[in-house]
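Generate a structure from the sequence data that follows.
(chains A, B, C and D)
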2 protein chains.
Amino acid sequence: MSGTVDRRIRRTKKAIRDALVSLIEEKGFDALSVKDITTRANINRGTFYLHYKDKYDLLDQTLEEVTQDIENILLEIASLSGIDVVNDHLPLAIVIKLFEYFKANARLMQAILATKGNNALQTQIKKTMWHHVFEKNSATLIKKEKLLVPAEYLISYIAAAHFGVVQEWLDRGCRETPEEMARILTSITFRGPLFAAGLSSHSL
Amino acid sequence: MSGTVDRRIRRTKKAIRDALVSLIEEKGFDALSVKDITTRANINRGTFYLHYKDKYDLLDQTLEEVTQDIENILLEIASLSGIDVVNDHLPLAIVIKLFEYFKANARLMQAILATKGNNALQTQIKKTMWHHVFEKNSATLIKKEKLLVPAEYLISYIAAAHFGVVQEWLDRGCRETPEEMARILTSITFRGPLFAAGLSSHSL
DNA sequence: TATTTTATTAGACAGCGAGTTGATTATTTA
DNA sequence: TAAATAATCAACTCGCTGTCTAATAAAATA
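A predicted model of the protein is given here:
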């Protein structure tokens, strides 16, 4: 049958991924060996190399799949055309879906974030989403005195910040519900000089 | 004489660090071995282990020293007490000094950022600075509808964003001067919902 | 300058994990 | 059931790791 992956492969890959996640939780990605993974996954070491080049390849593929999931959720925005994303009108339902996904895959997300940092996810998503959605909308949310800053600066700015929040939320055990988180992130209005805030605004 | 480090040690450590930076630029930290470092640094491999536990220890110590430098610059804020950091009144001179430091140590900064991501620097600085400076000031730059978000969320928020900007700036070859960057970061006023901005405001 | 202290070197060592291979067994799918 | 495909096992080479010792070079000290 085409389209379906051999059950043995699914079994093996799932075992490998589970082992990866639990090992990252235990000792971190750097300290973890392919042998560790295969031992915990109860598979032969040779089998691992049937599917992945090395442990970095495994991590990359895992990241890619997560990115794919997130992209699919975000792409729903594209289907809802004509939305004014500038002023608070971002579809809340989609953001909620995102947080539900994060929560459902909390351990995996944490493992990835702990290993590659927010940057990796942010960069991946930015890369894949750029042309799909953002190229069309020219929202102007950021006012500044001089036009010295390239647009990309500001993107990496905010995107990283969001995954910082997601990471904190996961680490704290998802105390708030996905709905609450979505509402917070879509409703927070930030006013004031960014740099000053970075240095001082720790308390509310 | 006490307080001074043996000239040979300084020589060796400098050679090691230079080798580290250039090797990170070439092949990245993961792919790089202790042997690579010592070969490029023209020192005996045993000498490396006289100073560092392994390559991770080397990276950590390097990061710590950079953090120390940055902390020293930032601590000048503490000496300028009574400043209203809320409304645009962050001492510009200090921010300029920061960017001058980044520029002067551009390759080192890039190597660290490329390897550990912004998170590491951000976390380190946050940790060391927290009690020195921020615990005193209770600036309220962020308005939101509900008080659901813990303060730490918002800190990791903004701090990461700044190093994102620094990284971009370095990668582009420091086209803007430190003064310009400092002015931009202290003058940019961000208004609007953060999450929406993260998704849409790529163009100005 | 002579002496002492310390850093670096060269080389060797065992150990481990990486990545590959070929023959064999087990499972799936058609 | 037969053909195709995946997983297994053992064995092997390779390079890097971290450690150690004796010898040497360089710096600090008095």
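
any idea how far the residue nearest to residue A:174 when sequence neighbours are not counted lies from residue A:21?
Take residue A:174 and drop its neighbours on the chain: the residue closest to it by C-beta to C-beta, 6 or more residues apart in numbering or on different chains is residue A:103, 5.0 Å away. Backbone N, C-alpha and C define where each C-beta goes, glycine included. Distance of residue A:103 to residue A:21, given as C-beta to C-beta, to the nearest Å: 15 Å.

do the helix or strand hosting residue A:59 and DNA strand D meet?
Counting by DSSP states H and E, the element that carries residue A:59 is helix A:55-74. No - judged by C-beta under 7 Å from any atom of the strand, helix A:55-74 stays clear of DNA strand D, getting no closer than 13.8 Å.

average pLDDT across that helix?
The pLDDT scores in helix A:55-74 average 86.

Tell me if it is near DNA strand C.
Yes - against DNA strand C, helix A:55-74 shows contacts by C-beta under 7 Å from any atom of the strand at residue A:55.

Could you give me the buried positions within that helix?
Residues of helix A:55-74 classed as buried: A:55, A:58-60, A:62-63, A:66-67, A:70-71, A:73-74 (neighbour count, 16 or more other C-beta atoms under 10 Å in any protein chain shown).

try stretch A:4-23
Within stretch A:4-23, the residues that qualify as buried are A:12-13, A:15-17, A:19-23, counting by 16+ other C-beta under 10 Å.

Output these in CSV, with pLDDT, secondary structure and distance to DNA strand C appended to each entry.
Converted to CSV, the buried residues of stretch A:4-23 look like this (pLDDT from 0 to 100; DSSP: H, G, I helix; E, B strand; the rest coil; distance: C-beta to the nearest atom of the strand, whole Å):
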residue, pLDDT, secondary structure, distance to DNA strand C
A:12, 94, helix, 11
A:13, 95, helix, 14
A:15, 95, helix, 13
A:16, 96, helix, 13
A:17, 96, helix, 16
A:19, 96, helix, 13
A:20, 97, helix, 12
A:21, 96, helix, 17
A:22, 96, helix, 16
A:23, 96, helix, 11
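
any idea which of the residues you listed is the one closest to residue A:173?
residue A:21 (16.5 Å; C-beta to C-beta).

these two touch, right, the closest one and residue A:108?
Yes - Residue A:21 is within contact range of residue A:108, at 5.7 Å (criterion: C-beta atoms under 8 Å).

about what we covered before: dump the buried residues of stretch A:4-23 to a markdown table, plus distance to residue A:112.
Shown next, in a markdown table, are the buried residues of stretch A:4-23 (distance: C-beta to C-beta, whole Å):
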| residue | distance to residue A:112 |
| --- | --- |
| A:12 | 20 |
| A:13 | 16 |
| A:15 | 18 |
| A:16 | 15 |
| A:17 | 11 |
| A:19 | 15 |
| A:20 | 10 |
| A:21 | 9 |
| A:22 | 14 |
| A:23 | 13 |
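
And the helices in chain A?
In chain A, the helices defined using DSSP state H lie at A:7-27, A:34-41, A:45-51, A:55-74, A:76-79, A:92-104, A:106-129, A:151-171, A:178-187, A:194-200.

pLDDT (mean, whole number) over the last one?
Spelled out, it's helix A:194-200. Averaging pLDDT along helix A:194-200 yields 39.

ok, now the longest one?
Helix A:106-129 shows a mean pLDDT of 72 in the predicted model.

how far away is residue A:64 from residue A:58?
With C-beta to C-beta as the criterion, residue A:64 and residue A:58 are 11 Å apart.

Kindly apply the preceding question to residue A:37 instead.
Going from residue A:37 to residue A:58 by C-beta to C-beta gives 8 Å.
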